[in-house]
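In: A predicted structure for the sequence below; I have some questions about it.
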Amino acid sequence: MKTGVQQIMLGTVTGSRENAAAALSRIKGAGYDGIELNRFMIHPSSFMVRMLTRMAGMPTGNGGKLDWKSLVEKSGLSVISLHADLGSLERDMAKVAEEAHALKTDTVVITGMYRFNYGDEKTVRELAGRLNKTGEGLKKEGISLLYHNHNAELLDVKPGLKAYDILLSDTDPAFVNFEFDSFWFTDGGADAKAWMRKLGSRMKLWHLTDRGARPDGPVMTPILKCDSVELGRGNMDLDGLLAVARENGVQAAVLESHRNWIDKDPLKSLEVSAKWLKEKV
């Protein structure tokens, strides 16, 4: 199983070519095999994307004008996948496929849907149909399509049926498979290992981070805010999740932690997490 880092962690440390090259060098030096790139970070992004990512605590930064193909090649890392939005794929699938091939990856990942009602059954079934159509088109281009979850897919569309159930049942494994994020399903109160077992071999990539609390200043209340923490420093059953990922034949484990980095430094944070990955993976 390969290991990698999600580019969303790096927006604050890749604003120039020099900084980006140094960051990728540290990722390689920590022992990671690759990186997942986001189309909205390897091209100049819109004001809306910049605002959304900043509000989430992980700004895209100023790296959209850099030559990421060259940067990654020189770093010795591979591109595990290219994250894209469904709208862009539906508007110009050939362009996204061409870009993926140029980056030497055969995997494109849909990063969930924004401004979307995951609690409406009809809407979610329509999404599954759109994913099937897109996945079929990408397959003709030699590209595999994966869907990446957050926690919204745990919404009930009706009693006993969640949005993610529909995405699993209504998509064709020949055209659509999954990058499973165990943090977000754990955050949503679900049994991540059970969902991973349900995915089985359709789980091609694994997004992981640990989950815990890190006091930020004086503790004024007995309740701490939970967020991602470095691997092995939180309360998730990472060993159990890894065992299921291995059973599923997952191709790569990709670290994606969210703003709550040790010393507020994403590079230091991913280096700490690399120690767990080296020992376990």
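Out: Received the coordinates, thanks. Residues are numbered from 1 along each chain as shown.
In: my read is residue 269 is in a helix, agree?
Out: Yes. The assignment for residue 269 by DSSP: H, G, I helix; E, B strand; the rest coil puts it in a helix.
In: residues making contact with stretch 148-166?
Out: 83, 109-112, 116, 118-121, 124-125, 128, 167, 178-181, 184-185, 187-190, 195, 207 (Cβ atoms under 8 Å, 6 or more residues apart in numbering). C-beta here means a position set from N, CA and C on the backbone, and glycine is covered the same way.
In: of these, which belong to strands?
Out: 83, 109, 110, 178, 179, 180, 181, 207 (DSSP state E).
In: quick one: contacts for the first one?
Out: Put plainly, it is residue 83. Going by Cβ under 8 Å, 6+ apart, residue 83 touches 7, 36, 37, 38, 39, 108, 109, 110, 111, 148.
In: show me which of the contacts of stretch 148-166 are buried.
Out: 83, 109-112, 118, 124-125, 128, 167, 178-181, 184-185, 187-188, 190, 195, 207 (16 or more other Cβ atoms under 10 Å).
In: how far off centre is stretch 136-153?
Out: On the basis of Cα atoms, centre = their mean, to the nearest Å, stretch 136-153 sits 12 Å off its chain's mean C-alpha point.
In: ditto for stretch 38-48
Out: That offset, for stretch 38-48, works out to 16 Å (Cα atoms, centre = their mean).
In: now do that stretch, average pLDDT.
Out: Computed over stretch 38-48, the mean pLDDT rounds to 85.
In: same thing with stretch 106-119?
Out: 94.
In: quick one: residues in contact with it.
Out: Stretch 106-119 is contacted from outside by 36, 38, 52, 80-86, 89, 96-97, 100, 123-124, 127, 131, 134, 138, 142-150, 152-153, 155-157, 163, 179, 204-205, using Cβ under 8 Å, 6+ apart.
In: which of those fall in helices?
Out: 52, 86, 89, 96-97, 100, 123-124, 127, 131, 134, 138, 163 (DSSP state H).
In: closest to residue 254 among those?
Out: Checking the ones in helices among the contacts of stretch 106-119 against residue 254 by Cβ to Cβ gives residue 100 as the nearest, at 16.1 Å.
In: next one: the closest one from residue 201, what distance?
Out: In this view, residue 100 and residue 201 are 22 Å apart by Cβ to Cβ, to the nearest Å.
In: buried set for the host helix or strand of residue 22?
Out: Using DSSP states H and E, residue 22 maps to helix 17-30. Within helix 17-30, the residues that count as buried by 16+ other Cβ under 10 Å are 19, 20, 21, 23, 24, 26, 27, 28, 30.
In: ditto for stretch 258-275
Out: Those buried within stretch 258-275 under the rule 16+ other Cβ under 10 Å are 258-262, 266-267, 269-274.
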